[in-house]
Each structure stands twice: as structure tokens, then as C-alpha cells.
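1. below is the sequence, then the predicted model.
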Amino acid sequence: MTSELFQSLMETDQNVFLYLNGLYTGFGDYFMSTFSGKIIWVPMYASVLYVLLKNANWKETLCCLIAIALTITFADQMCATVIRPVVARLRPCSPDNPISELVHLVNGKRSGSFSFPSCHASNSFGLAFMLMYLFRNRRLTLFIMLWAVVNSYSRIYLGVHYPTDLLAGAIIGAVGATLMYFLLRQLTGIKRVSDKQASVIIYTGLLTILGISVYALIYG
């Protein structure tokens, strides 16, 4: 019974992946491959540092940055080093995966590494939850959560992760952020940072998305 339920869940996971991965366009290929990158989001990360410096002294800013760094490190290593080698689930696009020929690939890029759980999802949601805890700003929380969702979905679009990879990654990221925020409060007494200028993070992120969209419209 348990094995049948597990098999059913895996088939559903695969079917949902193939459906979502199949919703591709020329615009989407350029948009999602760029959105999924890391360097493109440096301006938004820099805006987080700017807002922290504007609203906290350097010691508090340093402690918050350490908490963010530990959150991402925890999320990334838990996925890549601890869980992936044990589960050893092939990526959908892996040449050794039976469904690989059904997967839409952007620029023909394949990856042979393991997929469960997603580091992109864990890192994105780890950062999103930590910023939610630190600033307690509804608009920023909404924006950063939507950013994490789209960043995670881009991994399905690019053919490198199943939906359950992303769900597991998101949970790990949220757990990591919650744990590091608890330690931050216990060790430093910092509960939150003023959310003044928090809109700078939102606007920087939106401008980045606008730039990605223009790039995708031109070349897609």
C-alpha cells in the first residue's frame, strides 16, 4: 500500500512537471534562463545591504548579514551535501532519465547531477523568510515570496527539477531561516530591523525584472 502510494505520488509529480515544462515560449526561454541566474540579482542583494545599513548600526547589520549567510549556507549544504547523495534522484533532463527526451531544454543544456531537493528553492525561500522575519514589511514579504516562487518555477521550466524538489527545497529554506533567526534573537537580542526604505529592495527587484523582460522581448 505504501509503495503504491509513493509510486502514485511520483507519477503525479512527473506528470505535473511535464505539463509545466511544456508551457514554453521564446520569451520564456530567455526570461527564465536569465531569472534563474545568480549574478543578475546582485543589485537586489546590494539593496538589502543598503537598507540594513540605513536602519541599523554596523554591529546589528553585521549580525543580520551573518544570519542571512548562515541561512543560505544551511539551505544549500543541507540540499547539496546531505540529502542529494542519499536520495540520488536524477534530474528530469539527465540523459540517464527515461523521460529526458520529453523535457523541453533551453539552449540544449542538460545536467547529470541529482535533483532532490532544489538548492535554488532552498536558497530563495531561505532568503525570503529571513527578510520577512527581519523587516516585517507586508509589501516586501509579498514581493520576496513571489520572487522565490518564480525563481523556483524557473527550475521546472529549465528542466532541472520536479515540483517536489522545489517543495522540499522551500521547506528546508524556511526551516533554516527560522532556525537562524531564532539564534539571532537569542544571541543578539535583535528582533527586527526598521522597514524604512524597504521599498528600495522592491523597486530594485522590479527594475531587475523589467530589464530581464526587455532582454527576453528583444531576443525571444
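-> Nice, thanks for sending it over.

2. residue contacts, residue 86?
-> By C-beta atoms under 8 Å, 6 or more residues apart in numbering, residue 86 lies in contact with nothing. Every C-beta, even on glycine, is put in place using the N, C-alpha and C of the backbone.

3. and it, that one's in a strand?
-> No: according to DSSP: H, G, I helix; E, B strand; the rest coil, the state of residue 86 is helix, so it is not within a strand.

4. and the pLDDT for it?
-> Residue 86 carries a pLDDT value of 95.

5. for residue 90, give me phi and psi.
-> Residue 90 has phi and psi values of phi -70, psi 140 when expressed as degrees, to the nearest 10.

6. neighbours of it, how many?
-> Using other C-beta atoms under 10 Å, residue 90 is surrounded by 18 other residues.

7. how about low-confidence regions in this protein?
-> The model of the chain has pLDDT under 70 over residues 1, 112.

8. got the contact list for residue 143?
-> Shown in contact with residue 143 (C-beta under 8 Å, 6+ apart): 201, 202, 205, 206.

9. of the residues you listed, which is the most crowded?
-> Highest neighbour count within these: residue 201, with 26 neighbours (other C-beta under 10 Å).

10. may I have the phi/psi pair for it?
-> With angles defined as degrees, to the nearest 10, residue 201 sits at phi -60, psi -40.

11. and the lengthiest helix in the chain, what's buried?
-> Counting by DSSP state H, the longest helix found in the chain is helix 163-188. Neighbour-count burial for helix 163-188 flags 163-166, 168-170, 172-177, 180-181, 184 (criterion: 16 or more other C-beta atoms under 10 Å).

12. between the contacts of residue 143, which is nearest residue 104?
-> Lowest distance from residue 104 to these (C-beta to C-beta) belongs to residue 205, with 26.7 Å.

13. tell me how far that closest one lies from residue 45.
-> Distance of residue 205 to residue 45, given as C-beta to C-beta, to the nearest Å: 10 Å.

14. cool, residue 35 as well?
-> Noted for residue 35: a distance of 15 Å to residue 45, by C-beta to C-beta.

15. show me which of these two is the more surrounded one.
-> The neighbour count for residue 35 versus residue 45, taken as other C-beta under 10 Å, is higher for residue 35 (22 against 15).

16. wait, what's in contact with that one?
-> When contacts are counted by C-beta under 8 Å, 6+ apart, residue 35 touches 150, 151, 154, 209, 212.

17. so who does the first one touch?
-> Under the criterion of C-beta under 8 Å, 6+ apart, the contact list for residue 150 reads residue 35.

18. just the CA atoms of the helix or strand where it lies, as CSV, please.
-> Using DSSP states H and E, residue 150 sits within helix 138-157. These are the backbone C-alpha positions of helix 138-157, laid out as CSV (Å, rounded to 0.1, in the frame of the first residue of the first chain):
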residue,chain,number,x,y,z
ARG,A,138,4.0,43.2,4.1
ARG,A,139,4.8,44.6,0.7
LEU,A,140,8.4,43.4,0.9
THR,A,141,7.3,40.0,2.1
LEU,A,142,4.8,39.6,-0.8
PHE,A,143,7.4,40.7,-3.3
ILE,A,144,10.2,38.5,-2.0
MET,A,145,8.0,35.5,-1.7
LEU,A,146,6.7,35.9,-5.3
TRP,A,147,10.4,36.3,-6.3
ALA,A,148,11.2,33.0,-4.6
VAL,A,149,8.2,31.2,-6.3
VAL,A,150,9.2,32.4,-9.8
ASN,A,151,12.8,31.6,-9.2
SER,A,152,11.8,28.1,-8.1
TYR,A,153,9.4,27.7,-11.1
SER,A,154,12.2,28.6,-13.5
ARG,A,155,13.9,25.4,-12.5
ILE,A,156,10.9,23.4,-13.8
TYR,A,157,10.9,25.5,-16.9
